[in-house]
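**Student:** okay, sequence plus prediction incoming.
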Amino acid sequence: MMPVGSPAIGDDFVDREQDIKQILATLRKDNVLLAAPRRFGKTSIMRKLEKELFGNGNVVIFLDVESVYSPQRFLSEIIMELTEFEEFSEKSSFLSKIKIICKLFQDSIEEIEVPAIFKAKLRSSVEESLKEGWIDKSDALFRIINTSNVNIYFIFDEFPIAIKNMNTVDAEMFLSWFRGLRQTCRNVRFIVGGSVSIERVLRNVGGTNVINDFKVIRVNGFERDVALQIVKNVFGEEDWEYTPLLGNKILDCVGESYIPYFVGIMLSAVVDEQITTGKDVDNDLIESVYNARLLGSKCKHYFDPYFDRLKIFYHEMDVKAAKAILGRVSTTEDYPIELAFDAFQKETGSHDYEHFLDLISDLENDFYIENKDGQLNFYSKILKDWWRIFHGKI
């Protein structure tokens with residue numbers, strides 16, 4: 001059974017061969033921005049890239065920066081990870097140089113018998129030292145990296161949330177510094193990803209020009225043949241009789257795009273239903289699982305975050321409008337964008353069409369909807385069905 005809600009690694013990692021090839025080819029010349037909401041497989045791809053890039057003298061640093069709240073914390077996390085690579089650290093005398101750059105007193109962070117305590121003291125001392133002059137110290141840090149003749153790949157997961165966590169002044173300074181860094185470091189590449197629209201985060205901190213040098217790669221759902229193979233594999237694991245008709249029935253319920261998370265929870269629900277009832281897996285059972293279990297209260301917790309995250313990540317004025325628009329789009333096909341603007345005006349009291357288009361763009365970038373020639377539709381069939389049942393508006 002493919003994992004539900006956690007990164008797929010090792011043998012659980014499925015498909016994505018073309019995504020990996022595209023990203024590796026892009027990294028020869030450019031940095032990469034991976035765009036995908038939570039549960040689309042973004043982190044799994046990042047972990048696969050970490051494994052693919054490591055070796056042959058390369059250093060790969062993977063950081064989940066969702067809890068980072070300042071440039072100083074961001075840089076201290078990078079420093080601590082680099083100290084873990086003995087080959088790089090010893091070759092460049094990295095740790096001793098960092099102590100000098102950050103003006104750390106030797107007797108305050110001497111390496112002692114308990115490595116965990118040493119690392120904790122070092123992390124705290126580095127972050128504290130970066131509170132003053134972090135840009136100069138960070139530049140000095142990357143000069144060490146730039147003269148090390150070691151290729152370093154930094155993979156930052158949930159990068160937009162880290163920027164959102166910073167105050168506006170810090171975020172603007174950090175993004176400006178980060179852009180300059182990318183233009184000067186010859187042996188460093190960055191892969192950043194996020195489960196929220198970075199364009200929305202950046203509107204208040206300098207605009208999207210600070211990241212326009214990244215190559216944007218969207219992480220989409222599985223191709224149908226890959227999703228079918230996953231379904232077939234689960235049938236084999238559960239010792240059920242598989243037929244293409246049943247495989248297609250499951251995927252028709254989930255609908256395009258075949259998002260890994262939604263395929264996983266559908267299959268998990270089928271397994272639970274079969275174990276509970278002891279019935280054979282057939283069309284009737286699959287239909288019942290989808291309508292009664294997956295779209296019912298038992299599985300509501302799987303989908304609630306897609307509703308709740310609007311309040312967390314969208315501006316207060318936009319939340320009501322976004323919910324109203326999505327409620328209407330969930331009840332029909334090809335919802336006209338003009339009607340969506342009507343809903344926006346009603347909910348916000350604003351007639352700012354540019355602001356409205358920014359909201360539509362955010363909903364697209366967060367993979368809620370697609371806008372094709374002024375017609376709005378949900379990106380995912382299963383999310384549309386759930387939204388219609390619990391939050392639909394006519």
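**Tutor:** Yep, that arrived.

**Student:** how about low-confidence regions in the stretch 151-300 of the chain?
**Tutor:** Counting by pLDDT under 70, the stretch 151-300 of the chain contains no low-confidence residues.

**Student:** what about the helices in it?
**Tutor:** Here the stretch 151-300 of the chain has its helices, by DSSP state H, counting those that start in this stretch, at 159-165, 168-184, 198-202, 224-237, 244-254, 260-277, 283-288, 300-313.

**Student:** quick one: the longest one to chain centroid distance?
**Tutor:** Between the centre of helix 260-277 and the centre of its chain there are 24 Å (CA atoms, centre = their mean, to the nearest Å).

**Student:** give me the buried stretch members for that helix, please.
**Tutor:** 260-271, 273-274 (16 or more other CB atoms under 10 Å). Just so you know, the C-beta spots here come from the backbone N, C-alpha and C atoms, and that holds for glycine as well.

**Student:** related to what we said a few turns ago, looking at the helices of the stretch 151-300 of the chain, spot the one closest to residue 323.
**Tutor:** Closest of the helices of the stretch 151-300 of the chain to residue 323 is helix 300-313, at 6.3 Å (criterion: CB to CB).

**Student:** show me what secondary structure element comes after that closest one.
**Tutor:** helix 316-329 (DSSP states H and E).

**Student:** next, the angle helix 300-313 makes with that next one.
**Tutor:** 140 degrees (axes from the mean of the first three to the mean of the last three CA atoms, to 10 degrees).

**Student:** in helix 316-329, what's buried?
**Tutor:** 318, 319, 320, 321, 322, 323, 324, 325, 326, 327, 328, 329.

**Student:** over to stretch 70-82?
**Tutor:** Going by neighbour count (16+ other CB under 10 Å), the buried part of stretch 70-82 is 70, 71, 72, 73, 74, 75, 76, 77, 78, 79, 80, 82.

**Student:** generate CSV for these, with secondary structure as supplementary columns.
**Tutor:** Shown next, in CSV, are the buried residues of stretch 70-82 (DSSP: H, G, I helix; E, B strand; the rest coil):
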residue, secondary structure
70, coil
71, helix
72, helix
73, helix
74, helix
75, helix
76, helix
77, helix
78, helix
79, helix
80, helix
82, helix
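
**Student:** pick out whichever of those sits closest to residue 147.
**Tutor:** Proximity of these to residue 147 was ranked by CB to CB; the top entry is residue 82 with 14.0 Å.

**Student:** so the closest one sits against residue 61, correct?
**Tutor:** Yes - between residue 82 and residue 61 there is a contact under CB atoms under 8 Å: 6.8 Å.

**Student:** domains in this protein, by residue range?
**Tutor:** Using automatic domain parsing, the domain parsing of the chain gives 10-218, 224-294, 306-391.

**Student:** okay, how far is it across the second one, tip to tip?
**Tutor:** Meaning domain 224-294. End-to-end distance for domain 224-294: 20 Å, by CA to CA, to the nearest Å.

**Student:** that one: how far from the chain's middle?
**Tutor:** The chain centroid and the centroid of domain 224-294 are separated by 26 Å under CA atoms, centre = their mean.

**Student:** need the residues that contact the one helix or strand residue 364 maps to.
**Tutor:** Assigned by DSSP H and E, residue 364 falls within helix 353-365. By CB atoms under 8 Å, 6 or more residues apart in numbering, the residues outside helix 353-365 that reach it are 35, 197-200, 203, 314, 318, 321-322, 325-326, 337, 340-341, 344-345, 350, 369-371, 376.

**Student:** next, count neighbours for residue 125.
**Tutor:** 18 (other CB atoms under 10 Å).

**Student:** so it sits in a helix?
**Tutor:** Yes - counting by three-state DSSP, one finds residue 125 located in a helix.

**Student:** that one contacts residue 102, doesn't it?
**Tutor:** Yes - applying CB under 8 Å as the test, residue 125 and residue 102 come out as touching, 7.2 Å apart.

**Student:** now the buried residues of helix 316-329 as CSV including distance to residue 167?
**Tutor:** Below are the buried residues of helix 316-329 laid out as CSV (distance: CB to CB, whole Å):
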residue, distance to residue 167
318, 21
319, 22
320, 26
321, 26
322, 25
323, 28
324, 31
325, 30
326, 30
327, 34
328, 36
329, 35
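
**Student:** count of neighbours near residue 60?
**Tutor:** If you count neighbours by other CB under 10 Å, residue 60 ends up with 20.

**Student:** do you know the pLDDT at it?
**Tutor:** At residue 60, the pLDDT value in this model is 92.

**Student:** so what's it up against?
**Tutor:** Contact analysis of residue 60 by CB under 8 Å, 6+ apart lists 50, 53, 54, 152, 153, 155.

**Student:** which one of those residues has the most neighbours?
**Tutor:** residue 155 (24 neighbours).

**Student:** and that one, what are its bridge partners?
**Tutor:** Under DSSP bridges, the beta-bridge partners of residue 155 are residue 62, residue 191.

**Student:** residues in contact with it?
**Tutor:** Counting by CB under 8 Å, 6+ apart, residue 155 has contacts 46, 49, 50, 60, 61, 62, 63, 190, 191, 192, 193.

**Student:** export those residues to a markdown table and tack on distance to residue 309?
**Tutor:** Below are these laid out as a markdown table (distance: CB to CB, whole Å):
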| residue | distance to residue 309 |
| --- | --- |
| 46 | 20 |
| 49 | 25 |
| 50 | 26 |
| 60 | 29 |
| 61 | 28 |
| 62 | 24 |
| 63 | 22 |
| 190 | 25 |
| 191 | 23 |
| 192 | 19 |
| 193 | 16 |
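
**Student:** tell me the most packed of the residues you listed, by neighbour count.
**Tutor:** Neighbour tally across the contacts of residue 155 (other CB under 10 Å): the maximum, 26 neighbours, falls on residue 191.

**Student:** roughly how far does that residue sit from residue 33?
**Tutor:** Using CB to CB, to the nearest Å, residue 191 is found at 8 Å from residue 33.
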